[in-house]
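In: here is a sequence together with a model predicted from it:
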2 protein chains.
Amino acid sequence: MEFNESRNIFLQIADWLCEQILQKKFAPGDRVPSVRELAEEMEVNRNTVMRTYSILQDQGILDNKRGIGFFVAEKAALKIHQRQKEAFLQQELPQLVHKVKLLQLSKDDLKPILNALKETTNEDQQ
Amino acid sequence: MEFNESRNIFLQIADWLCEQILQKKFAPGDRVPSVRELAEEMEVNRNTVMRTYSILQDQGILDNKRGIGFFVAEKAALKIHQRQKEAFLQQELPQLVHKVKLLQLSKDDLKPILNALKETTNEDQQ
DNA sequence: TTTAGTGTCATAATACACTATGACACTAAA
DNA sequence: TTTAGTGTCATAGTGTATTATGACACTAAA
């Protein structure tokens, strides 16, 4: 996997795993790859993956059965969703608006976003 | 100044200075605070500010007159603007759209953004 | 019981951001 | 010339992310 220099690797692996869960590639109760297994796949040290799994366990996203492996917790997706939604609305969105103002972007620049937003929000909600 | 743990300090100082320039708090030709001065103000080491100024010099945003100080380059704001706009449209926006999809945000969630975007983009453009 | 696969822990080594500090060259003004 | 303020560079120390590796406890299945 390719990592961004500006963010800790163990956090980027956590991001990746959370996204897999949100995309239902891992269901509640599923075993996730073993520490050694994922380390090899990501071309990263065991300890780094261990650190990722530890923090996800602390956050109630993974459960741990010693000698067997780590498992996706029951309400993992819900917790990830809540955590990310809160961070998104309270931190990222305000920064986005601020940046758009500062960059004085034109309507044309923003069209792709606005369209994408409409598409994704029109379907489910009333 | 308060720093975010997840991004290098010298980059956060660069971000701050670029924002000052974009907000016209520093005009082209203006001298920016000396390395020692800004270091004290930011409660940071001289070398850290030196590193910030060095990269901004490499990017053509600051000019350097040895023994005198660092100065805002002529087209500094333009360069910052171009750099940030490109990064925004090519990296941040796609990630944003992806996240909105993943989080399945409702219209109500997005209202604040959309309104803010309309306000800022309606004025200047045709 | 043995074996292979789990997680867990400890240690040492490397890399890098940041700090602390001193010394030096350059510039402008007293 | 002297002085004070610039940038510049070198050195050493600290903290932490990451790697590398070995050893050990636990579990399930052969």
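Out: Received it, and whenever you're ready, just let me know what you need. Residues are numbered from 1 along each chain as shown, chains lettered A, B, ... in the order given.
In: so residue A:7 sits in a strand?
Out: No: read with DSSP: H, G, I helix; E, B strand; the rest coil, residue A:7 is coil and lies in no strand.
In: list the contacts of it.
Out: Counting by C-beta atoms under 8 Å, 6 or more residues apart in numbering or on different chains, residue A:7 touches residue B:6. Placement of C-beta: from N, CA and C, glycine included.
In: check the one 3 residues further on too.
Out: For residue A:10, the set of contacting residues under the criterion of C-beta under 8 Å, 6+ apart consists of A:48-49, A:51-52, A:55.
In: repeat that for 6 Å
Out: A:48, A:51-52 (C-beta atoms under 6 Å, 6 or more residues apart in numbering or on different chains).
In: is any residue of the helix or strand encompassing it near DNA strand D?
Out: Assigned by DSSP states H and E, residue A:10 belongs to helix A:9-22. Yes: residues of helix A:9-22 contacting DNA strand D under C-beta under 7 Å from any atom of the strand: A:9-10.
In: hey, C-alpha coordinates of that helix in CSV?
Out: Backbone C-alpha positions of helix A:9-22 (Å, rounded to 0.1, in the frame of the first residue of the first chain) are rendered in CSV as follows:
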residue,chain,number,x,y,z
ILE,A,9,1.3,4.9,8.9
PHE,A,10,-0.6,3.2,11.7
LEU,A,11,-3.3,5.8,11.3
GLN,A,12,-3.5,5.4,7.6
ILE,A,13,-3.9,1.7,8.0
ALA,A,14,-6.7,2.4,10.5
ASP,A,15,-8.3,4.7,7.9
TRP,A,16,-8.1,2.0,5.3
LEU,A,17,-9.6,-0.7,7.5
CYS,A,18,-12.4,1.6,8.6
GLU,A,19,-13.2,2.3,5.0
GLN,A,20,-13.3,-1.4,4.3
ILE,A,21,-15.8,-1.8,7.1
LEU,A,22,-18.0,1.1,6.0
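In: buried set for that helix?
Out: A:9-10, A:12-14, A:17-18, A:21-22 (16 or more other C-beta atoms under 10 Å in any protein chain shown).
In: what residue ranges in chain A score low on pLDDT?
Out: For chain A, the stretches flagged by pLDDT under 70 are A:120-126.
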